[in-house]
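A predicted structure for the sequence below; I have some questions about it.
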Amino acid sequence: MSNPAKVLVKSPLDAIPILLVSDVPDSCVARWSPSRFNVQATTAEGWLLLWNTYTGNMNAFKPTQRDAVLELISRRGVASDASPLVAYFSDRGYLVPESADELRRVQHAFGKESHRTDKLELILLPSEDCNFRCTYCYEDFRRGTMLPEVREGIRNLVMARARTLRELTVNWFGGEPLYGMEAIDELAPFFAAIAQEHGISYFSHMTTNGFLLTDDVAQRLLAAEITDFQITLDGLAEDHDKMRPARDGSGTFDTIYENLVSLSRRPEDYSVVIRVNFTSENAPKLEPMLEKLRAAFAGDSRFTLSFHSVGRWGGDNDADLAVCGRDEAQHYRMKLKAAARTLGLRVTSGWMPGAGVGSQVCYAARPYNFIVGAHGDLMKCTIDLDKRDRNIVGTLSRDGTLQLDQDKFALWTEPAFERDTGCQSCHMLPACQGIHCPQIRFDTGRRPCPGIRRTAKQEMVDFFEAKQAQQRSAADPLLLPLPTSAGATPEHELVDAAN
């Protein structure tokens with residue numbers, strides 16, 4: 001009888017010769033298929049633009065390369081011949097293994113993000129009241145500033161989570177947040193200090209009307225590491241003051257503009273998005289305001305313009321608003337963006353390379369995001385706020401405990417695409433995951449498609465052409481060598497727009 005211990009000394013598999021790659025039969029060669037999340041666009045000059053909504057990668061190929069690239073990503077797929085080109089396309093997500101289940105990849109990505117415990121996003125309402133009464137506002141201003149016990153609860157929540165957090169984001173919202181400076185002065189330095197103590201990546205943003213943003217207030221905010229702002233101007237004084245009057249009816253444009261100019265004189269590193277809301281009434285008259293902004297902010301990379309069509313968001317004046325239709329809104333938006341760029345002003349593009357998994361998902365759909373109201377209500381959507389019972393998902397206790405209504409919470413954070421076959425077959429699924437705006441699905445039963453689903457091709461072309469212009473003006477080469485393959489020679493070039 002043999003010794004059992006001796007039998008187990010060596011694996012019998014070690015005696016089998018190793019099969020070299022060159023010896024693998026053709027039937028075992030890896031085959032690749034084009035990703036169903038590829039989006040293609042062509043410029044007027046014939047460049048082929050390729051974007052993958054899962055990886056976020058974008059490339060631009062010269063007209064001479066277009067046919068070879070289209071052949072590579074055709075529905076027939078390609079057998080891997082270990083060529084650098086196939087490897088490159090698979091690495092960037094344009095080609096996937098023939099056996100890949102891309103829907104399952106999205107399901108995995110959704111679950112991975114939704115179960116994160118190292119990330120916390122807070123939208124704080126230091127004041128639910130406001131010093132403005134904007135014509136399109138949907139809020140009802142039923143509460144004042146944040147209660148001391150709520151501020152204590154926020155501190156305790158963050159302290160309890162600090163050891164496990166990697167990312168902390170705090171957005172100051174309202175009402176008008178600067179009405180609640182007592183809460184900001186208490187909490188903002190605390191967030192910055194605890195993030196530094198525990199090595200947490202920290203970002204803080206404020207949406208403010210800018211009327212109270214004096215030089216002294218700006219100093220306090222910047223010192224507390226609130227360095228990102230959104231401030232609205234809806235035209236010159238004549239139009240802005242009609243749309244965004246003070247609560248006593250007086251004008252607000254001049255004060256906001258002066259505060260912005262004063263802020264621009266500061267040396268600190270910060271960013272300001274000047275939001276411009278437009279209707280069919282004020283849109284044709286906005287270009288003179290752009291001229292005024294050019295004089296103050298052109299050349300200052302800290303200031304960027306963002307154009308948005310006014311919607312009927314649930315306010316008392318909804319029926320009287322001159323809301324643009326979808327095509328009209330797109331027309332004005334593109335026209336205003338072009339005019340602003342011509343004047344040397346920075347403009348948000350709405351889309352950039354890197355827009356991949358989850359980039360079009362609403363914050364309200366993420367389990368780690370909470371609105372904390374002035375009286376401790378926990379909410380999800382900044383439009384619903386406390387006007388809809390579905391949106392009040394719990395309360396914040398003084399000790400920092402989140403008392404959640406699991407059914408309401410699940411309503412906002414569910415993977416809605418799982419029961420929507422239209423979403424599952426859409427090329428935009430990785431980016432929006434069927435939850436670009438859960439509110440739309442609740443109210444209408446329709447899937448809430450992001451605008452980029454309609455405008456992707458034009459947005460890609462706009463981005464690429466802006467990149468080309470930047471390249472020419474900066475004399476900074478954007479072209480990279482294309483790997484050698486049967487369909488491309490070393491002198492061919494491509495643009496890796498994600499770099």
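Received the coordinates, thanks.

who touches the helix or strand hosting V217?
For V217, the host element (DSSP states H and E) is helix 215-223. Defining contact as Cβ atoms under 8 Å, 6 or more residues apart in numbering, one finds that helix 215-223 is touched by 178, 181, 184-185, 188-189, 206, 259, 262-263, 266, 268, 270. (C-beta placed from N, C-alpha, C; glycine too.)

what of stretch 202-213?
Taking Cβ under 8 Å, 6+ apart as the rule, stretch 202-213 contacts 130-132, 167-174, 176-179, 188, 191-192, 195-196, 221, 224-232, 244, 246, 252, 255-256, 259-260, 263.

buried stuff in it?
Buried residues in stretch 202-213, counting neighbours by 16 or more other Cβ atoms under 10 Å, are found at 202, 204-213.

so for it, mean pLDDT?
Across stretch 202-213, the average pLDDT comes to 98.

same question for stretch 99-107.
The predicted confidence, averaged over stretch 99-107, sits at 96.

extract the C-alpha trace of that stretch and format it as PDB.
Extracted as PDB, the C-alpha positions of stretch 99-107 are listed here (Å, rounded to 0.1, in the frame of the first residue of the first chain):
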ATOM      1  CA  SER A  99     -19.100  36.500 -24.400                       C
ATOM      2  CA  ALA A 100     -19.400  39.700 -22.300                       C
ATOM      3  CA  ASP A 101     -22.800  40.600 -20.800                       C
ATOM      4  CA  GLU A 102     -22.800  44.400 -20.800                       C
ATOM      5  CA  LEU A 103     -26.100  44.700 -19.000                       C
ATOM      6  CA  ARG A 104     -24.600  42.600 -16.100                       C
ATOM      7  CA  ARG A 105     -21.700  45.000 -16.100                       C
ATOM      8  CA  VAL A 106     -24.000  47.900 -15.600                       C
ATOM      9  CA  GLN A 107     -25.900  46.000 -12.800                       C
END
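
surely P177 is in contact with S127?
Yes: at 6.2 Å, P177 counts as touching S127 under the criterion of Cβ atoms under 8 Å.

related to what we said a few turns ago, which of the contacts of stretch 202-213 fall in strands?
Judged by DSSP state E, the subset of the contacts of stretch 202-213 located in strands is 167-172, 228-232.

can you select the buried ones from these in PyMOL?
Of the ones in strands among the contacts of stretch 202-213, the buried ones go into a single PyMOL selection, burial set by 16+ other Cβ under 10 Å:
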select buried, resi 168+169+170+171+172+229+230+231+232
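
can I get the ones in strands among the contacts of stretch 202-213 in JSON lines including pLDDT and distance to P430?
JSON lines is the format used below for the ones in strands among the contacts of stretch 202-213 (pLDDT from 0 to 100; distance: Cβ to Cβ, whole Å):
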{"residue": "E167", "pLDDT": "98", "distance to P430": "21"}
{"residue": "L168", "pLDDT": "98", "distance to P430": "26"}
{"residue": "T169", "pLDDT": "98", "distance to P430": "22"}
{"residue": "V170", "pLDDT": "98", "distance to P430": "28"}
{"residue": "N171", "pLDDT": "98", "distance to P430": "25"}
{"residue": "W172", "pLDDT": "98", "distance to P430": "31"}
{"residue": "D228", "pLDDT": "98", "distance to P430": "26"}
{"residue": "F229", "pLDDT": "98", "distance to P430": "30"}
{"residue": "Q230", "pLDDT": "98", "distance to P430": "27"}
{"residue": "I231", "pLDDT": "98", "distance to P430": "33"}
{"residue": "T232", "pLDDT": "98", "distance to P430": "32"}
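
can I get the ones in strands among the contacts of stretch 202-213 in CSV including distance to Q424?
As requested, the ones in strands among the contacts of stretch 202-213 are arranged in CSV below (distance: Cβ to Cβ, whole Å):
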residue, distance to Q424
E167, 29
L168, 34
T169, 30
V170, 35
N171, 31
W172, 37
D228, 35
F229, 39
Q230, 34
I231, 40
T232, 38
